[in-house]
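Participant: give me a model of this one.
(4 chains)
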Protein chains: 2
Amino acid sequence: MSKSNRSELSSDPEFLLITKALGVISGKWRLYIILLLGDQTLRYRQLSEMLPGVSEKVLASELKSLVALGVMKRTAYAEIPPRVEYSLTRKGQLALPILRKIQEIGQIFN
Amino acid sequence: MSKSNRSELSSDPEFLLITKALGVISGKWRLYIILLLGDQTLRYRQLSEMLPGVSEKVLASELKSLVALGVMKRTAYAEIPPRVEYSLTRKGQLALPILRKIQEIGQIFN
DNA sequence: CTGTATCCAAGGAGATACTG
DNA sequence: CAGTATCTCCTTGGATACAG
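Facilitator: Residues are numbered from 1 along each chain as shown, chains lettered A, B, ... in the order given. Okay, the predicted model is just below:
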């Protein structure tokens, strides 16, 4: 990383990229949820069961954020009872290999 | 990521790795600071000048955390005025290529 | 020069009850 | 089944003054 002195970090393109990336992965559960989904398609209930200890409110808002960020897509079926499925978007799948690499960082510092 | 149902996520080794990794990179400035340092050795003042808008308290506590995590090492010289140099540890250098990759995630979601 | 000590505000995360 | 709505913390990040 080379740096020319700017008066504001917010005008540094690299800083903006890093901030964007952190938006995708940071949060206590966010990265874990993405890796958990992986290449699968899962229903809300399935995700919820795979995340014991994560409250409804937290899971729902994380999923909503991930959809807004363009990481996941949400597909709702007009059935009763309701069925909603989550899967990674194309962008999410593109990022997946790098996201998996992040676990290696955990290994290095163990 | 395959999941067997455990009652607690905290007993899932993958969750622990991810949490550890997040500890290294998450925080508004942490990842940026690591990449900024890169292969160089820099003094406190140099880092401070490269991070306009980051207060002394925040920079100092981030550096302290990074040292505690084993990402950076701190070398103090018994001189007047004091001189302190920061550089990546071996582990930090090991992680560096992956950390750089994280910027690509920012690119994907731009 | 290289940091600490305080105090404060804002947002993230959690518990619980309720709804379409 | 798939979420919202509230209400509470708790932690992170920031401003500023001070210290070794």
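Participant: where along chain A do the strands fall?
Facilitator: Ranges of strands in chain A, per DSSP state E, are A:42-43, A:72-77, A:83-88.
Participant: and among these, the most buried is which?
Facilitator: strand A:83-88 (a mean of 17; mean count of other CB atoms under 10 Å in any protein chain shown). From N, CA and C alone the C-beta is placed, and that goes for glycine too.
Participant: in TSV: the strands of chain A, plus mean pLDDT and distance to residue A:29.
Facilitator: As requested, those are exported to TSV (pLDDT from 0 to 100; distance: least, CB to CB, whole Å):
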stretch	mean pLDDT	distance to residue A:29
strand A:42-43	98	15
strand A:72-77	98	13
strand A:83-88	98	14
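Participant: so which of those strands comes closest to chain B?
Facilitator: Ranking those by proximity to chain B (CB to the nearest CB) places strand A:42-43 first, at 10.4 Å.
Participant: what lies in contact with the closest one?
Facilitator: Contacts with strand A:42-43, where a contact means CB atoms under 8 Å, 6 or more residues apart in numbering or on different chains, come from A:50, A:83-87.
Participant: anything in stretch A:64-71 sitting right up against DNA strand C?
Facilitator: No: for a cut-off given as CB under 7 Å from any atom of the strand, stretch A:64-71 has no contacts with DNA strand C; the smallest distance is 8.4 Å.
Participant: circling back to that earlier point, same list (the strands of chain A) but as JSON lines, adding distance to residue B:98.
Facilitator: As requested, these are arranged in JSON lines below (distance: least, CB to CB, whole Å):
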{"stretch": "strand A:42-43", "distance to residue B:98": "27"}
{"stretch": "strand A:72-77", "distance to residue B:98": "23"}
{"stretch": "strand A:83-88", "distance to residue B:98": "20"}
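Participant: among the ones you listed, which comes closest to residue A:23?
Facilitator: Residue A:23 sits nearest to strand A:72-77 of all the strands of chain A, at 13.9 Å, using CB to CB.
Participant: the closest one: partners in the sheet, and parallel or antiparallel?
Facilitator: strand A:83-88 (antiparallel) (DSSP bridges).
Participant: chain center to the strand it pairs with: distance?
Facilitator: Relative to its parent chain, strand A:83-88 has a centroid offset of 14 Å by CA atoms, centre = their mean, to the nearest Å.
Participant: please see if it touches DNA strand D.
Facilitator: Yes: Strand A:83-88 is in contact with DNA strand D by CB under 7 Å from any atom of the strand, via A:83-84.
Participant: just the CA trace of that strand, in CSV.
Facilitator: C-alpha atoms of strand A:83-88 as CSV (Å, rounded to 0.1, in the frame of the first residue of the first chain):
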residue,chain,number,x,y,z
ARG,A,83,-41.7,-20.5,2.2
VAL,A,84,-38.6,-18.2,1.8
GLU,A,85,-35.3,-19.4,0.4
TYR,A,86,-31.9,-17.8,0.6
SER,A,87,-28.9,-18.3,-1.6
LEU,A,88,-25.9,-16.4,-2.7
